[in-house]
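Asker: Make a model of this:
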Amino acid sequence: MNLHDDRAGRLILSLRQQGVTDPRVLKAMESIDRAVFVHEKFLDQAWEDQALPIDCAQTISQPYIVGLMTQALEVQARHRVLEIGTGSGYQCAVLSRLARYVYSVERYRSLLVEAEAKLRTLQIDNVITRHGDGGLGWAEQAPFDRIMVTAASPTEPTELLKQLKPNGVLVAPVGRTSVQMLHRYVGQGDGSFHRESLTEVRFVPLVEGTAKEG
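Answerer: A predicted model of the protein is given here:
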């Protein structure tokens, strides 16, 4: 067993012990080398169960949270998934192993360019990206089977719920403070949604518009 396999195995065991038990999710996470998505100076921590800083004051999420949110989304092989907040591209890569297509929106162009390059490195070809305001979703490609939001929405993500199929699922952190509640919205088929509160999380806020850089 090489070092990558050893570290990956320990992380997957830790996730399983914390309640991430869906075998498809665990297999997807084990197959994606997180080291590809972290800064060089944090490579020794790539397989640790912790969030790490990336550019633009953003973070690559803690693997447990990635696993928890992915499991809650219940992605199936033929699903089209919308991800709000490409960030490092790690969560997007995990979703790509489970879904038919992943559509990902990022407000920082520089982050998006880096993430696209990393996805190409892993030969992931079922991800479609866009530089834009994540809060607006991607109406031209709607409706989606699943939507994942990787930044904290200050209020109920009503605009994104409009882009979900009637029986779709949306997972998003919601709250205005540094600690938010991770919510799971399940479409009831009639335009209404059942909301379930999963756990407290810490995400950067979902900000309107695209970022001014440079």
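Asker: Can you list the residue ranges for helices in this structure?
Answerer: Counting by DSSP state H, one finds helices in the chain at the ranges 3-17, 23-31, 63-73, 90-96, 109-121, 158-161.
Asker: any idea which helix or strand of the chain has the worst average confidence?
Answerer: strand 52-53 (a mean of 77; mean pLDDT, DSSP states H and E).
Asker: on contacts alone, who are the packing partners of it?
Answerer: strand 59-60 (3 or more CB pairs under 8 Å, 6 or more residues apart in numbering; DSSP states H and E). (C-beta placed from N, C-alpha, C; glycine too.)
Asker: Centroid-nearest residue for this structure?
Answerer: In the chain, the residue lying closest to the centroid (CA atoms, centre = their mean) is Gln91, at 4.0 Å.
Asker: residues in contact with that residue?
Answerer: Applying CB atoms under 8 Å, 6 or more residues apart in numbering to Gln91 gives the contacts 61, 66, 69-70, 83, 148, 150.
Asker: Please repeat the previous calculation with a cut-off of 7 Å.
Answerer: By CB atoms under 7 Å, 6 or more residues apart in numbering, the residues touching Gln91 are 61, 66, 83, 150.
Asker: Going by distance to Arg34, which of those wins?
Answerer: Val66 (9.1 Å; CB to CB).
Asker: Run a quick neighbour tally on the closest one.
Answerer: When neighbours are defined as other CB atoms under 10 Å, Val66 has 27 of them.
Asker: again, but for Arg78
Answerer: Around Arg78 there are 9 residues (other CB under 10 Å).
Asker: Need the nearest residue in space to it, chain neighbours excluded.
Answerer: The shortest distance from Arg78 to any non-neighbouring residue, by CB to CB, 6 or more residues apart in numbering, is to Arg100 (5.2 Å).
Asker: Just the pLDDT for the one you found.
Answerer: pLDDT for Arg100: 98.
Asker: So it versus Tyr90, what's the distance?
Answerer: From Arg100 over to Tyr90 the distance is 20 Å, taken as CB to CB, to the nearest Å.
Asker: now do Leu26
Answerer: From Leu26 over to Tyr90 (counting by CB to CB), the distance is 15 Å.
Asker: before we move on, what about Tyr185?
Answerer: From Tyr185 to Tyr90 the distance is 23 Å (CB to CB).
Asker: what about the two, which has more around it?
Answerer: Using other CB under 10 Å as the criterion, Tyr185 and Tyr90 rank with Tyr90 on top: 27 against 22.
Asker: what number of residues lie near the nearest residue to that one once chain neighbours are set aside?
Answerer: Closest residue to Tyr90 apart from its sequence neighbours, by CB to CB, 6+ apart: Phe37 at 4.1 Å. If you count neighbours by other CB under 10 Å, Phe37 ends up with 24.
Asker: Please apply the same query to Gly89.
Answerer: 31.
Asker: Look up which residues are beta-bridged to Arg184.
Answerer: Arg184 has the following beta-bridge partners by DSSP bridges: Val171, Glu196.
Asker: Touching, it and His194? I think so.
Answerer: No: with contact defined as CB atoms under 7 Å, Arg184 does not reach His194; the gap is 8.6 Å.
Asker: Contacts only, for Arg24.
Answerer: Contact analysis of Arg24 by CB under 7 Å, 6+ apart lists Leu98.
Asker: Over to Leu26?
Answerer: By CB under 7 Å, 6+ apart, the contact set of Leu26 is 12, 15-16, 20.
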